[in-house]
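1. Coordinates for the following, if possible.
(2 chains)
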Amino acid sequence: MPYNLLSEPIRKYIREQRWEQFRPIQAAAIKYILESDNNYILASKTASGKTEAAFLPILSKVNFSETGVQVLYISPLIALINDQFYRVEKLCEHLDVKVTKWHGEAKRSQKERLLKDTSGVVLITPESIEAMFVNKPYDAKQLFANLKYVIIDEIHSFIGSDRGVQLKSLLHRLQEINTSQFSIIGLSATIGDYSEAKDFTGRPDNTKVLLDRSAKDIDAYFRYFASHASELPLPLMKDLYLESCNSKCLIFPNSRGKVEEVAVKLLKISNRVGGHTNYFSHHSSINKDTREYIEYFAKNSVRHHFSIACTSTLELGIDIGSVDKVIQIDATNSISSLIQRVGRSGRKDNKPSNLILYATTPWGLTQAVACWELHQEGVIEHPDIVQRPYDILLHQTLSIVKSFSGIQYNELCKRLKSNFAFKNIAIEEIEEIIQHLISVDILEHIQSEIIIGVTGEYIVNSRDFYTVFTSTESFKVINNSNIIGDVPFSPQIIEGENLFLSARVWTIMNIDIQHCRIEVVAANDGKKPMYFGSGGNIDTIIREKMFNILISSQKFDYLDDTSALELTELRKLFSPFVIDPEHHRPLVINSDLKCSLYTFAGTKTNRAISYLFKLQGISNTIDESSSKIEIDILADNLVKIWSKFPSYIKSIDKKLEVLIEKAPNIMDFSKWGVHLPMNYKIDLLKHKYYDFESASQFFSKYTLVQND
DNA sequence: GACCTGCTGCGGTTTG
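-> Numbers count the residues shown, from 1 in each chain, chains lettered A, B, ... in the order given. The predicted structure follows:
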């Protein structure tokens, strides 16, 4: 019995909660974590009690009377830390264990209190760990030199991202200041690659996966409303209103602009028919206080219905209580994202989740069906792992040098080389990058010691140093000295222009360019705001599934009649082809004899294919939504040169060098890559922005098939 | 058309 294994204060907590039994992941975690010091990945569906699964045995096991923080909980979001704080504090009720939030918005007094009495549990973000290493290395040592457990929440959001490489490096640096080994527990509902998840701890052999495969029942319905303009069609809005007005709903329209459009229009309809007024918009450009209020409102609404239009800000595990329905407008970018979003509904009492998907284009519908089918098959895309993250290595190099206020050259190289975050980067490469940083005054070599150089001082002392992702400049939108949110610099920002923000309509009264502020007053009608972003990359497995769906005649019982008709209609585009998806790709000849290649390949592969065409002087444009490359060449000519393309990749480096020199903005995907020597920039461009390996396979694997 | 995430220390002022 797992219950009997736990310590008495924890058992008391469990009795008070009146839990009749543990969830499977909790029972397993209690048994395994208590019996060994292995690392564990706890993989189980959303709302299955993973936080308790990790904390119950750890709080039982760890001796908190030792000095120093014993348990470090790392989260990708401040909002999640604030949310988990109350849960963890409650768990610690009978234990006399201090729980401290440590992030950029946490109270300084609480941090100071912890520094005076270093003990207990700390909830922190990766960036705050980074900042502590850089500015207060002594504090880091005082606090975190006696760790027993590190818990990483929503670990999938780190795997395969720059932020994940940074966190790996920080885990290594934390281990360096500890005399004994701490254990790592990773939590997630959507792991696409267990070996990558194990690698994330740095000790894959000592890491075990505890997996509860049971899935939640989901009632899914797909509906179709054709959209021809940039605005959502009115019939869709009316249907959406009826579907949502008597429920607690989350609506995911995939972009901040559309989030505003949905929130404003639903509220307008509701006002007209005398419905409730609880319509909100929740995304990164909404003021933080407003977002917290919305989360609080949702969590505490027992009787009130509400609809929150949101982006991926409400995708991760922030507890917003029980939601009746999740409404997705067009397809998600990934299966993982779909799972997370659907998991937001039916959290209580094991009720089924409800998903309603509105498609507005045939290709959006096909992608949505593909994601849904793959999810049903239990498939999740694999994370996109960068084997040699030179840019993050550069960032960590600066962080380490600053942290030590100067460090012996050999010592620096040794620390970087032994860091498992950079295990595929050779020592010669590390030395070359350090030498380059010295040559551009970012670092300085004094006798045998490396210190931060003149140029480097500006970089490491900037507030922007602690993150590995970029942020864009924007205007603060202010009404009556209340901050509503922000909008980027765009041609839309003109005095007198009306726009949506935070589910309301505003007129721009005054633009203060110097202070990046816009004064607004309430208005009645306007436009959705323009935001610039670059969505997520779509994985090849989704595209391949779309192809299979389109050349099959399979019926899907969750589609409404219009959706089924639209799918049948799109299938006609490929019905003239006799095609084997394992070996062929369709080339549609247009009326002007130019052609459209449907690659059914992932975003990075499409970019590489398109670029290779351009290098051969063949102009073309990608339409990512349909994975189509429209090519300015006669089909027969393309077929003739098709087999030569893989050989063009061999000499790609020189071409990419020219590209970087001519259009340096192409490196914008990498915040720290700009400081690297050219050959390393090329390598990043080759693997993070493009995917030439899979493009090469594409040309070799597939032959083109033309329609008649 | 097209997502998201996070962050300092200091000196000064105000508040209880």
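
2. C-alpha from now on. contacts and neighbour counts both.
-> OK.

3. Say whether DNA strand B is contacted by stretch A:496-506.
-> No. For stretch A:496-506, no contact with DNA strand B is found by CA under 7 Å from any atom of the strand; the gap never falls below 12.0 Å.

4. Torsion angles phi and psi at A:Gln340?
-> phi -60, psi -40 (degrees, to the nearest 10).

5. Run a quick neighbour tally on the closest residue to it other than its chain neighbours.
-> Of all residues not flanking A:Gln340 in the chain, A:Glu315 sits nearest, at 5.8 Å (CA to CA, 6 or more residues apart in numbering). Look at A:Glu315: counted by other CA atoms under 10 Å, it has 18 neighbours.

6. Can you check the pLDDT for A:Gln166?
-> pLDDT recorded at A:Gln166 is 97.

7. Centre of the chain to the strand or helix carrying it, how far?
-> Per DSSP states H and E: A:Gln166 is located in helix A:162-177. How far helix A:162-177 lies from its chain's middle: 19 Å, per CA atoms, centre = their mean, to the nearest Å.

8. next one: stretch A:361-375
-> 20 Å.

9. What of stretch A:186-194?
-> Averaging C-alpha coordinates over stretch A:186-194 and over its chain gives two centres that are 13 Å apart (CA atoms, centre = their mean).

10. hmm, who's touching it?
-> Stretch A:186-194 is contacted by residues A:40-46, A:50-51, A:151-156, A:197, A:209, A:336, A:339-340, A:379-383 when judged by CA atoms under 8 Å, 6 or more residues apart in numbering.

11. now, which of those lie within helices?
-> A:50-51, A:197, A:336, A:339-340 (DSSP state H).

12. end-to-end on stretch A:534-542?
-> The first and last residues of stretch A:534-542 sit 18 Å apart, counting by CA to CA, to the nearest Å.

13. Show me the contact partners of it.
-> Stretch A:534-542 has contacts (CA under 8 Å, 6+ apart) with A:333-334, A:367, A:370-371, A:374, A:381, A:600-604.

14. What is the most widely separated pair among the residues you listed?
-> Farthest pair in those (CA to CA) is A:Leu374 and A:Lys604. Separation: 20.4 Å.

15. if you count what's nearby, which of the two comes out ahead?
-> Using other CA under 10 Å as the criterion, A:Leu374 and A:Lys604 rank with A:Lys604 on top: 22 against 17.

16. Can you read off the pLDDT for that one?
-> 96.

17. For it, give me its contacts.
-> Contact analysis of A:Lys604 by CA under 8 Å, 6+ apart lists A:537, A:688-691.

18. Likewise for A:Leu501?
-> For A:Leu501, the contact set (CA under 8 Å, 6+ apart) comprises A:260, A:281, A:286, A:484-485, A:528-529.

19. average pLDDT across the helix or strand where A:Pro57 lies?
-> A:Pro57 belongs to helix A:50-61 when elements are defined using DSSP H and E. In this model, helix A:50-61 has an average pLDDT of 95.

20. partners of the strand of greatest length in chain A, with directions?
-> Under DSSP state E, the strand in chain A containing the largest number of residues is strand A:504-512. The pairing partners recorded for strand A:504-512 under DSSP bridges are strand A:498-501 (antiparallel), strand A:517-522 (antiparallel).

21. how near is the spatially most central residue of chain A to A:Cys371?
-> Among the residues of chain A, the one closest to the centroid is A:Ser157, at 5.3 Å (CA atoms, centre = their mean). Separation of A:Ser157 from A:Cys371 (CA to CA): 18 Å.
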